[in-house]
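*Asks:* fold the following for me, if possible:
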Amino acid sequence: MTKRIYYDDPYAQEFDATAIEIGPDADPSARDRWRVVLDRTAFYPTSGGQPHDTGALGTARVVDVIDEDDGRIVHVVEGLVGGEFARGAVHGRIDWARRLDHMQQHTGQHVLSAAFDRFARAQTVSFHLGTSSSTIDLAREVSAPEIARAEAEANRIVWEDRPVTIRYADSADAAALQLRKEPARTGKLRIIEVDGFDVSACGGTHVARTGAIGIVAVAASERFKGGTRVEFVCGTRALESYRALRDTMTASVRLLSVLPSELPGGIERIQQESKDLKRQIKDLQSRLGAFEADALANHAELLGGARAVIASIDGLDANGLKTIATAIAAKPGHVAVLIATPAPFAIVIARASDVPFDAAALLKQLIAAHGGKGGGRPEMAQGGGLQGDAGDLAAAARAFFSGE
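*Replies:* Numbering: from 1, shown residues only. Predicted coordinates for the structure are as follows:
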């Protein structure tokens, strides 16, 4: 069993230990990785929603830390120099920036979960500490005002700089401590107490005083499995999130030439202008399509008993093609095969109701030869992503009409 230094001293950044087991990693693809077991360690293994520490053992990089069922902690390392731990002596160094970040997020989670429990009667059922933000899943749906109140209360506790202490208790003693959540395990428990606010059984790493959390900021929330998932950031992550938000806001107000408070209205105005322009474009395309359809129909080819319009048109999207093709197909005896260039090509195929021709069958044949995807019905089909030469597509369509 490995002695866990972080249990009693989460601020330990360096330590000395003895290597008691060294062997190659079981993963055959990890040729440069070794598994090292020490008699004692300050490295935290992935557990309880908190990721593992990284750092170094001697000159070897620690890339994973695993908590085995038998109480051993396995350090997965890269770059191990031959014979480096031959005498058993090992000096370990924790990646302190990563450790402190995890301590801020995890202690912030205790405070935020306690705030939800106290003021919204919403118990935390799970916790995940991610790379950029963390989440707690609450047992019931909570409202925006409830989230705001819990966030405000959590920050009050942070700014009061309350002590965060570690102690141990057996199951019987723990029952008298009024733990926020009943522990899943029995026996000796490690208890984390935020003075006068929260008492929880937890094996993670935490700051010594709530002030070191800095701030607890709720970033988002959503309904999740009958409850609410709350995303939050603390400490350094909150500062980084603010900087990203500030830079985005600064760029946005500069581009829109508005004040920060006017940004929502500016975006709403642009959205409305975009909708208006789309309607205008659709109307103009419809009008232009009628003229374009007449011009193309005047040069239709007689193929397979139908008047076929097979043409490449530059710069139109699928909707523009469809408008023109529909207008051509409205003329008795006509068929339209319109290709939007450049590649990858969009294509629309349409026929008049009196023409015995399967547009979907032609499209299927063209896709088989030129890639892309699409589908439709005998009277109209459309696709996109076709490659090759537009002339080859047109020639294949003519061959199809001619029965070649």
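
*Asks:* return the helix or strand in this protein with minimum mean pLDDT.
*Replies:* helix 171-175 (a mean of 74; mean pLDDT, DSSP states H and E).

*Asks:* just the C-alphas of that one, formatted as CSV.
*Replies:* Provided in CSV are the C-alpha atoms of helix 171-175 (Å, rounded to 0.1, in the frame of the first residue of the first chain):
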residue,chain,number,x,y,z
SER,A,171,-18.3,5.5,10.2
ALA,A,172,-19.9,5.9,13.6
ASP,A,173,-18.2,9.2,14.4
ALA,A,174,-18.9,10.5,10.9
ALA,A,175,-22.7,9.9,11.4
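
*Asks:* packing partners of it?
*Replies:* strand 189-194 (3 or more Cβ pairs under 8 Å, 6 or more residues apart in numbering; DSSP states H and E). The C-beta positions use only the backbone N, C-alpha and C, and glycine is treated the same way.

*Asks:* what lies in contact with the strand it packs on?
*Replies:* Identification of contacts with strand 189-194 by Cβ atoms under 8 Å, 6 or more residues apart in numbering yields 7, 107, 110-111, 114, 157, 162, 164-171, 174, 177, 179, 183, 198-204, 206, 210.

*Asks:* same deal with stretch 12-29?
*Replies:* Stretch 12-29 has contacts (Cβ under 8 Å, 6+ apart) with 5-6, 33-42, 72, 76, 80, 85, 88-94, 96, 99.

*Asks:* identify each buried residue in it, please.
*Replies:* By 16 or more other Cβ atoms under 10 Å, the buried positions in stretch 12-29 come out as F15, A17, A19, I22, D25.

*Asks:* the second one is in what secondary structure piece?
*Replies:* Applying DSSP states H and E as the criterion places A17 in strand 14-24.

*Asks:* now the next helix or strand after that strand: average pLDDT?
*Replies:* Sequence-wise, the next helix or strand downstream of strand 14-24 (DSSP H and E) is strand 33-38. Confidence for strand 33-38, expressed as mean pLDDT, is 92.

*Asks:* which parts of the stretch 101-250 of the chain are helices?
*Replies:* For the stretch 101-250 of the chain, the helices defined by DSSP state H, counting those that start in this stretch cover 144-159, 171-175, 235-256.

*Asks:* same list (the ones you listed) but as TSV, adding mean neighbour count and distance to V62.
*Replies:* Output for those, formatted as TSV (neighbours: other Cβ atoms under 10 Å; distance: least, Cβ to Cβ, whole Å):
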stretch	mean neighbour count	distance to V62
helix 144-159	18	31
helix 171-175	13	33
helix 235-256	13	21
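
*Asks:* weakest of those helices in terms of mean pLDDT?
*Replies:* Ranked by mean pLDDT, these end with helix 171-175 at the bottom, a mean of 74.

*Asks:* quick one: residues in contact with that helix.
*Replies:* By Cβ under 8 Å, 6+ apart, helix 171-175 touches P183, T186, G187, L189, I191, A201.

*Asks:* picking up where we left off before, quick one, the strand holding A17 and strand 33-38 angle?
*Replies:* Put simply, strand 14-24 runs at 130 degrees to strand 33-38, going by axes from the mean of the first three to the mean of the last three Cα atoms, to 10 degrees.
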